[in-house]
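Q: Next comes the sequence, and after it the predicted model I'd like to discuss.
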Amino acid sequence: MENRGLNRVYLDHPAYGKETVGEFLSRHKIPVQSNGRFVLYHGRPKGSEYKTLRPGTYLTDDPDSARFFAARDRGLDPGKDIEVIPLDLTADDIEPGIHITLRREYEIV
């Protein structure tokens, strides 16, 4: 089995077995676009100027969750103080887990 893209094994649990990135995304009902890519979201405080997201950056599958998670530990209002950045990702950009994170750097345009 090829170990990249949707076929990349991200988990090889001794009791539950292997799960690929594609299986994870399907199980979590994250839709694949017609171009084979995925849209996930990152929230950040308005006025932030960073242009690169680092590996390990948290992502969500909907904008409201991105707003909530970006605001909750900062005491900010999710509706007023947070901007949401949609990310157009390949399966190799995504690191599954309890929380979905970025696997590599991502430049914000």
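A: Ah, there it is. Numbering: from 1, shown residues only.
Q: going forward, measure contacts between C-alpha atoms and count neighbours the same way
A: OK.
Q: residue contacts, residue 12?
A: Counting by Cα atoms under 8 Å, 6 or more residues apart in numbering, residue 12 touches 18, 19.
Q: try 6 Å this time
A: residue 18 (Cα atoms under 6 Å, 6 or more residues apart in numbering).
Q: Select the longest helix from this structure.
A: Secondary structure of the chain per DSSP state H: the longest helix is helix 63-72.
Q: and after that helix, which helix or strand comes next?
A: Sequence order places strand 82-89 as the next helix or strand after helix 63-72, per DSSP states H and E.
Q: Compute the inter-axis angle for that next one and helix 63-72.
A: For strand 82-89 against helix 63-72, the angle by axes from the mean of the first three to the mean of the last three Cα atoms, to 10 degrees is 130 degrees.
Q: Residues contacting strand 82-89, please?
A: Applying Cα under 6 Å, 6+ apart, the external contacts of strand 82-89 come out as 37, 38, 39, 40, 41, 42, 43, 44, 45, 46, 67.
Q: Recalculate using a threshold of 7 Å.
A: Counting contacts by Cα atoms under 7 Å, 6 or more residues apart in numbering, the residues outside strand 82-89 that touch it are 37-46, 63, 66-67, 70-71.
Q: May I have the residues that are in contact with residue 21?
A: Under the criterion of Cα under 7 Å, 6+ apart, the neighbours of residue 21 are 6, 7, 8, 9, 10, 91, 96.
Q: 8 Å - rerun?
A: Residues in contact with residue 21 (Cα under 8 Å, 6+ apart) are 5, 6, 7, 8, 9, 10, 91, 94, 95, 96.
Q: Check the gap between the third one and residue 82 for me.
A: So that's residue 7. Distance, residue 7 to residue 82, by Cα to Cα, to the nearest Å: 34 Å.
Q: and these two? which has more neighbours close in?
A: The neighbour count for residue 7 versus residue 82, taken as other Cα atoms under 10 Å, is higher for residue 82 (21 against 16).
Q: among the contacts of strand 82-89, which ones are buried?
A: Neighbour counting over the contacts of strand 82-89 (16 or more other Cα atoms under 10 Å) leaves 37-45, 63, 66-67, 70-71 as the buried ones.
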